[in-house]
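Student: What shape does this take:
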Amino acid sequence: MNIDINKKFSLRSETTDERASSLSESRKGGAQRSWPGGDGAWKALSLPMLAFLVLPLAALVLRAAPVQVWSKLSSAAVHQAIALSLTTALITTLTTVAFGTPLAYLLAHDGKGWRRVAETVIDLPTVLPPAVAGVALLMAFGRRGLFGGLLDSMGVQVTFTTAAVVLAQTFVASPYYIRSAITSFSEVDPELRHSAALDGAGEWQIFRHVMAPIAWSGLLSGSVMAWARAMGEFGATIIFAGNFPGRTQTMPLAIYLGFEMDLNTALALSVILLASSFLTLLAVKSFLRKEKR
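Tutor: Residues are numbered from 1 along each chain as shown. This is a model prediction of the structure:
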């Protein structure tokens, strides 16, 4: 079964690549003539926005002296913030992948009317102000929240704990993975699923041997985006989880506190967070580019 599916997919990919290549060649000359200045004009128009994005990051790196960054790494508070951020972001990413993948898979192949409503709800945390997300979580899981009484009766306290950090990160970061997963699953040729079903494959076999291997690049990039968003989460966390060193104080919260008390600490943590996010995204993008080639 797998051999037949792979052959069909390979033939379809080769045909698609040939069409795309011929279309690209036919339009190459016309695209260059459509703009009087050629690529030079586009580059000139692109410089202001690129410079605006680069300059603050460059200023941050230049302002933080390497000696200061290295000295702050020996601080116990910095160690705790880094460890907590890495741990909670990893838990958030794993939770998002485990529970977000089935939802994305369902939405990618369910054309009913409720899909548009569900996708809108999923996208809401990405456009809501972080403070609103924190208040919403507090109203749901706080002591006076919707489920506060039930949680208290079970002896469970969520607010102002490490679990609250994970919940806040998951709420704001999971849409990035789910959206990427929906797009990746939707781009898989439906004929491959039908062929696998005709060959006797069940839903789990179709997902494992057909869908996941084809859509894995989108799943990987979505999980990295969710991880990066979780690492940078601030607004919802400080409202729902508080800012307690060693328990809920992640790197963004430590930067906020350090900005008020010690600018060098804030600079050191900012550079560390910037470097880790940049290197992670660069590595994943390079890996995916090589795989596509």
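Student: show me where pLDDT drops low in the stretch 1-150 of the chain?
Tutor: Within the stretch 1-150 of the chain, the ranges that satisfy pLDDT under 70 run 1-38, 111.
Student: Helices along that one, start to end?
Tutor: 2-33, 39-63, 66-72, 76-109, 114-127, 130-141, 148-153 (DSSP state H, counting those that start in this stretch).
Student: Looking at those, which is nearest to residue 173?
Tutor: Distance to residue 173, taken as CB to CB, is lowest for helix 76-109 among those, at 5.9 Å. (C-beta placed from N, C-alpha, C; glycine too.)
Student: How far off centre is that closest one?
Tutor: In terms of CA atoms, centre = their mean, to the nearest Å, the gap separating the centre of helix 76-109 from the centre of its chain is 9 Å.
Student: please renumber so the chain begins at 510
Tutor: Noted, 510 is the first residue going forward, which turns the last one into helix 585-618.
Student: Stretch 745-761: end-to-end distance?
Tutor: Taking CA to CA, to the nearest Å, the span from the opening residue of stretch 745-761 to its closing residue is 11 Å.
Student: What lies in contact with that stretch?
Tutor: By CB atoms under 8 Å, 6 or more residues apart in numbering, the surrounding residues in contact with stretch 745-761 are 586, 589-591, 593-594, 597, 639-640, 642-644, 646-647, 650-651, 668-671, 673-674, 676-678, 680-681, 740-743, 762-763, 765-766, 778, 781-782.
Student: Any figure for the gap between residue 612 and residue 619?
Tutor: The span separating residue 612 from residue 619 equals 10 Å under the rule CB to CB, to the nearest Å.
Student: the more surrounded of those two?
Tutor: Neighbours around residue 612 and residue 619, counted as other CB atoms under 10 Å, are more numerous at residue 612. The numbers are 15 against 11.
Student: Could you double-check that that one sits in contact with residue 687?
Tutor: Yes. When contacts are counted by CB atoms under 8 Å, residue 612 is listed as touching residue 687 (6.1 Å).
Student: Determine the residues that are contacts of both of those two.
Tutor: The overlap between the contact sets of residue 612 and residue 687 (CB under 8 Å, 6+ apart) consists of residue 631.
Student: State the distance from residue 582 to residue 667.
Tutor: Distance, residue 582 to residue 667, by CB to CB: 32 Å.
Student: more crowded one of these two?
Tutor: Neighbour tally, residue 582 and residue 667, criterion other CB under 10 Å: the higher count belongs to residue 667, 21 against 13.
Student: Need the three-state assignment for the more buried one.
Tutor: Three states are possible here, and by DSSP: H, G, I helix; E, B strand; the rest coil the one that applies to residue 667 is coil.
Student: Phi, psi for it please.
Tutor: When read as degrees, to the nearest 10, the backbone of residue 667 gives phi -100, psi -50.
Student: dump the residue contacts of it.
Tutor: Listed by CB under 8 Å, 6+ apart, the contact partners of residue 667 are 650-651, 660, 673, 676.
Student: Now the buried members of those.
Tutor: Buried residues within the contacts of residue 667, counting neighbours by 16 or more other CB atoms under 10 Å: 650-651, 660, 673, 676.
Student: May I see those organised as a markdown table, with distance to residue 703 added?
Tutor: Written out in a markdown table, the entries for the buried ones among the contacts of residue 667 read as follows (distance: CB to CB, whole Å):
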| residue | distance to residue 703 |
| --- | --- |
| 650 | 43 |
| 651 | 48 |
| 660 | 46 |
| 673 | 45 |
| 676 | 39 |
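Student: List the contacts of residue 732.
Tutor: When contacts are taken as CB under 8 Å, 6+ apart, residue 732 is in contact with 602, 605-606, 686.
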